[in-house]
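1. Quick one: sequence and predicted model below, then my questions.
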Amino acid sequence: MIVNWAQILFNSAVTGSLYLIGATGLTFTYGLSKFPNFAHAEFVTLGAFIGYLVAEQLGLNIPLAMIVAFLIGGIVGVLCHRGVFQPLAKRGATIIHLMVASIGLGFALRYSMGALWGWKPHYFSTTWLSFNIGSLRIISLWLWLIFVAVAVAIVMHFVLVKTKIGKAIRATSSNPELALASGINIDRIILITWFIGAGLAGIAGIFRAADTQIWPMTGWDIILPVFAVAILGGIGNFYGTLAASFIIGLAENLGVVALVATGISTEYRAAVAFLILIVTLIIKPQGLAMLFRRA
Amino acid sequence: MQETLLRIKEVSKHFGGVWAVSGVSLTIKSGSIWGLIGPNGSGKTTLFNTVAGLHRPDAGDIYFNGTRINNLNPHQIYTLGLVNTFQIPRLFPRLSVLDNMLVAARGHQGDKFFNNLFLRKSWQAQEGELAEKAMEILELLELDHLASSPAGELSGGQRKLLEIGRGVMASPTLLLLDEPAAGVNPKLARRIFERIEDLREKKGLSYFIIEHRLELLFDFASWVYVMDKGRVVVEGRPAEVAENPTFYQVYLGE
Amino acid sequence: MDPLIYVLDLVVFIGIFSIVSLSLNLEFGFTGLANFGKVAFFLVGAYTYALLSKAGLPFYLCLIAGASTSAIIGFLVSLPTLKLREDYLAIVVLTFGEVLRLILKSERWLAGGVWGIAVSPAIPIAGASARVDTLINVGLVYFCLVICFVVVQLTTNSPYGRVIRAIREDELAAETLGKDRAKYRGQVLALGSAIAGIAGGLYAQYIRFIDPYMFMPMLTFTVWIMVILGGPANNWGALLGAVLVMLFDRGTNMAKDYLTLPIDPINLQYILFGVLIIAVLLYRPQGLLKESRIKTKAIEMIRHARNAPKDKRS
């Protein structure tokens, strides 16, 4: 069997890029608000639909769609935090209560989108350039995805290390009491992370939908791998998430090669992320966080 | 004749580079109250928690009634007769005070799944006896009127008493109490120790107690160990310890 | 559709999901185990029943086998997850369910893959009308429900129930007081999974066809809403929750035929569902029915003999 390593590496970068954009928000909100937000899937889906609205229904261009999706997604994220999760936390809700609330919120969001746009899949009408470099097959959409992911990584790194807000996020992540004592407005920090997190999820949604389809389950289709990335990387740890995105991206694509080689159904591709998720939680729940102390 | 219950030999425990307990050796014999005293951070609670199986000792051995308990789980250590209580009471808030006591009971046939479901007669009578015993202890601690109240509704002082009550309910051979009278006024503290002594006589228990206030241990304990910075630095009868200059250096010098 | 069958059909579904609700309540309400993979055990029961029934075994053996297989898997899941924090346990079990579903989807030889498998009814009567068939199912399902209810009620309203509640409140303290939490977790997950397995078998033989798409995480979430709405740690609450949620589900489906709404009722139903669960969590997280008290004869005697008025508290 001939293995196209170049393609595998490239595909891994593509998969990893999508997961990075999707998981960044999750790792921060999980880390700061201390519960797994399953409605994050709907933040992704919302981005896809807003993208559809702007790019298809309003006939504007995709980059504009991404900006709008980021902003609206961010606002929805903040509303969810303020309107549902924060009040619950104030009333002493446990992690499980918050989880269940996020699932209920997910229902409400998902079916609202279903009501607004219907359950039949929609598609972006953009035709993406497809070309070959040697044995490598590239679609321009993927190049954009990698580009955006790299941009996100650079911007996040810059924000976390060089800006006041970024340092405040890192402080709150690692030691909330100390952060509070140092005068950091934790409330505002958490609000900002929800905004950024949901916004980025929306962008991930547009890329995912552009590659597959736009429908109310767009986010749910990738939510477990996104969780796997957040957990493998260490919850609340951006650099860990960065590494984990590409590790899992690579693992998935290598997994496909292995499956084809052994004749097992490639449906099992999804199992790669599932197994990494389960094994990480059982053996080392803090994930790669130890390797990336600076969060 | 006092038999040796607990033997701690050169036990050490560290957390991330800090040695909380360092080469501690001590012996607890049956039939009386043994004290452990020392300034904050001297490692007393860590020692208790290590003995109780919450931590594994990094060095040394711990023997209870001749059995080496280094690697046992807390529930196995309980089964041997060594019962631990917590400095900050860990009650079951939504369970009633009486239920809290009953969970602590030893050898309840109803704790086993099959007995519980299929052999109901086997534990009905036992439940009655245990409930009576629990109420006796609660009366002694003046908590009996709260038997049906959820433990979460108790005041701070009442929680400490319930924590002690649960420990006694467990029919221990040796009961570890971590600051049983902490945070209560001196009069109540003395009353708590009187209760402890009462229960000791009535039920034949032995106690190993961490306590800040030496004057309480004076009147009730027969032997005291003093810890500082993870080590045992002084030991002896309370009166002797009170005369020991090292004790003053360590304890009152902070 | 024949209105009587419509009602009986609803009754059967309420019965089946009441059983699942009871099982989750045992695990989460009483023992504090966040089983977010409940559908996996339901699925195991369903598929075990389907395969064994196809092999010709009588229905009661298929049900028992389904329960046993589920129980074993439930016990096995309890082992590696022992030290996990509740949200990690939830995610692991949820993912585990998805792995099972993936295997069933991909391995056609197992049970038809995505094309599913047909299941013959438990008690077929030649020439019986649809009404009689449904009635028989009502009988079968409720017979099983009563047994499961009695078992769970006896288990939770008892010394054993006291121990698992203690584990829920404070695992470490319970362990310090002699309770082996590994053992109790294993037992509770095994029993809960067995009960869910029975429900799965009943479901499979009732709808006579199963495929992997019928066992999505959505089902787990629906059952969670039943337990939380009805009141965790109250077995009647688990039943109440199942009844209310199923009525809500069917009610909105019916509305589709009789009301014209601006929003498609199915979408509206789930939007309301989501809002409802958030409202319950915000305003009445303890659910409709409060936690059931442990009432053994001894406790009752003591309560009556010595209960003093609450204002005597110091």
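-> Thanks, I have the structure now.
2. In the stretch 151-254 of chain B, mark out all the helices, start to finish.
-> B:156-169, B:186-203, B:214-220, B:238-243, B:245-247 (DSSP state H, counting those that start in this stretch).
3. right, and these - which one's nearest chain C?
-> Taking C-beta to the nearest C-beta, helix B:156-169 is the member of these nearest to chain C, at 6.8 Å. (Each C-beta comes from the backbone N, C-alpha and C, glycine too.)
4. rewinding a little: mean neighbour count added to the helices of the stretch 151-254 of chain B, as a markdown table?
-> Below are the helices of the stretch 151-254 of chain B laid out as a markdown table (neighbours: other C-beta atoms under 10 Å in any protein chain shown):
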| stretch | mean neighbour count |
| --- | --- |
| helix B:156-169 | 23 |
| helix B:186-203 | 16 |
| helix B:214-220 | 17 |
| helix B:238-243 | 15 |
| helix B:245-247 | 14 |
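5. With distance to residue A:228 as added columns, please give the ones you listed in CSV.
-> Below are the helices of the stretch 151-254 of chain B laid out as CSV (distance: least, C-beta to C-beta, whole Å):
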stretch, distance to residue A:228
helix B:156-169, 42
helix B:186-203, 52
helix B:214-220, 55
helix B:238-243, 58
helix B:245-247, 57
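6. Distance to chain A for these - can I get that in JSON lines?
-> What follows is the helices of the stretch 151-254 of chain B, written out as JSON lines (distance: least, C-beta to the nearest C-beta, whole Å):
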{"stretch": "helix B:156-169", "distance to chain A": "19"}
{"stretch": "helix B:186-203", "distance to chain A": "30"}
{"stretch": "helix B:214-220", "distance to chain A": "33"}
{"stretch": "helix B:238-243", "distance to chain A": "38"}
{"stretch": "helix B:245-247", "distance to chain A": "35"}
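7. need those helices in a markdown table with distance to chain C and mean pLDDT, can you?
-> Output for the helices of the stretch 151-254 of chain B, formatted as a markdown table (distance: least, C-beta to the nearest C-beta, whole Å; pLDDT from 0 to 100):
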| stretch | distance to chain C | mean pLDDT |
| --- | --- | --- |
| helix B:156-169 | 7 | 91 |
| helix B:186-203 | 11 | 83 |
| helix B:214-220 | 22 | 81 |
| helix B:238-243 | 28 | 86 |
| helix B:245-247 | 31 | 84 |
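8. Which one of those helices lies nearest to residue A:123?
-> helix B:156-169 (62.4 Å; C-beta to C-beta).
9. Which neighbouring elements make contact with the closest one?
-> Helices and strands touching helix B:156-169, by 3 or more C-beta pairs under 8 Å, 6 or more residues apart in numbering or on different chains; DSSP states H and E, are helix B:97-104, helix B:120-140, strand B:174-178, helix B:186-203.
10. could you measure the residue of the stretch 51-200 of chain C found nearest chain A against residue C:212, distance?
-> At 4.2 Å from chain A, residue C:106 is the closest residue in the stretch 51-200 of chain C, using C-beta to the nearest C-beta. For residue C:106, the distance to residue C:212 equals 9 Å [C-beta to C-beta, to the nearest Å].
11. Give me the common contacts of these two.
-> Contact criterion C-beta atoms under 8 Å, 6 or more residues apart in numbering or on different chains; residues shared by residue C:106 and residue C:212: residue C:113.
12. Who does the spatially most central residue of chain B form a beta bridge with?
-> Residue closest to the average C-alpha location in chain B (C-alpha atoms, centre = their mean): residue B:176, at 2.0 Å. Taking DSSP bridges as the rule, residue B:176 bridges to residue B:84, residue B:208.
13. Isn't it up against residue B:52?
-> Yes: applying C-beta atoms under 8 Å, one finds residue B:176 in contact with residue B:52, separated by 6.6 Å.
14. hey, what's in contact with both of these two?
-> B:82, B:84.
15. for the closest residue to chain C within the stretch 51-200 of chain B, what are its contacts?
-> Relative to chain C, the nearest point of the stretch 51-200 of chain B is residue B:110 (2.9 Å; C-beta to the nearest C-beta). Going by C-beta under 8 Å, 6+ apart, residue B:110 touches B:116, B:123, B:126, B:127, C:158, C:159, C:160, C:296.
16. pLDDT at it, what is it?
-> Residue B:110 carries a pLDDT value of 87.
17. next one: residue A:49
-> Model confidence at residue A:49 (pLDDT) stands at 95.
18. Can you tell me how far it is from chain B?
-> Noted for residue A:49: a distance of 43 Å to chain B, by C-beta to the nearest C-beta, to the nearest Å.
19. Kindly report the same for residue C:182.
-> Where chain B is concerned, residue C:182 sits at a distance of 8 Å (C-beta to the nearest C-beta).
20. likewise residue C:301?
-> On the measure of C-beta to the nearest C-beta, residue C:301 and chain B end up 7 Å apart.
21. in stretch C:167-175, what's buried?
-> C:167, C:168, C:169, C:170, C:171, C:173, C:174, C:175 (16 or more other C-beta atoms under 10 Å in any protein chain shown).
22. Wait, residue C:125 touches residue C:137, no?
-> No: contact criterion C-beta under 8 Å: residue C:125 and residue C:137 do not qualify, at 11.5 Å.
23. Of these two, which one has the most company?
-> A direct count of neighbours by other C-beta atoms under 10 Å in any protein chain shown for residue C:125 and residue C:137 places residue C:137 higher, at 23 against 10.
24. which residues does the more buried one contact?
-> Contacts of residue C:137 (C-beta under 8 Å, 6+ apart): C:8, C:12, C:121, C:122, C:202, C:206.
25. who's in contact with residue C:168?
-> C:30, C:31, C:32.
26. So which of the residues you listed belong to helices?
-> Among the contacts of residue C:168, no member is found in helices (DSSP state H).
27. Mind putting those residues into JSON lines with pLDDT and distance to chain A?
-> Formatted as JSON lines, the contacts of residue C:168 follow (pLDDT from 0 to 100; distance: C-beta to the nearest C-beta, whole Å):
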{"residue": "C:30", "pLDDT": "96", "distance to chain A": "14"}
{"residue": "C:31", "pLDDT": "95", "distance to chain A": "13"}
{"residue": "C:32", "pLDDT": "94", "distance to chain A": "9"}
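28. any idea how far residue C:6 is from residue C:134?
-> Applying C-beta to C-beta to residue C:6 and residue C:134 gives a distance of 10 Å.
29. now residue C:146
-> Here the distance between residue C:146 and residue C:134 works out to 19 Å (C-beta to C-beta).
30. for residue A:144, same thing?
-> 56 Å.
31. More neighbours: which of these two?
-> Counted by other C-beta under 10 Å, residue A:144 and residue C:134 do not tie: residue C:134 has more neighbours, with 21 against 18.
32. Mind pulling up the pLDDT for the more buried one?
-> 89.
33. just checking, it touches residue C:7?
-> No: the criterion here is C-beta under 8 Å, and residue C:134 misses it with residue C:7 at 9.3 Å.
34. The contacts of residue B:110 also near chain A: which ones?
-> Among the contacts of residue B:110, no residue sits close to chain A (C-beta under 8 Å from any C-beta of the partner chain).
35. Let's have the residues you listed in CSV, adding pLDDT and neighbour count.
-> Below are those laid out as CSV (pLDDT from 0 to 100; neighbours: other C-beta atoms under 10 Å in any protein chain shown):
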residue, pLDDT, neighbour count
B:116, 84, 23
B:123, 86, 22
B:126, 88, 17
B:127, 89, 22
C:158, 91, 23
C:159, 93, 26
C:160, 94, 26
C:296, 83, 21
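36. Show me how far the least confident helix or strand in chain A by mean pLDDT is from its chain's centre.
-> Lowest on mean pLDDT, DSSP states H and E among the helices and strands of chain A sits helix A:176-181, with a mean of 81. Offset of helix A:176-181 from its chain centre (C-alpha atoms, centre = their mean, to the nearest Å): 27 Å.
37. Specify the next element, helix or strand, located C-terminal of that helix.
-> Once helix A:176-181 ends, the next helix or strand along the chain (criterion: DSSP states H and E) is helix A:186-211.
38. just checking, next helix/strand downstream of that following helix?
-> Trace forward from helix A:186-211 with DSSP H and E and the next one is helix A:218-232.
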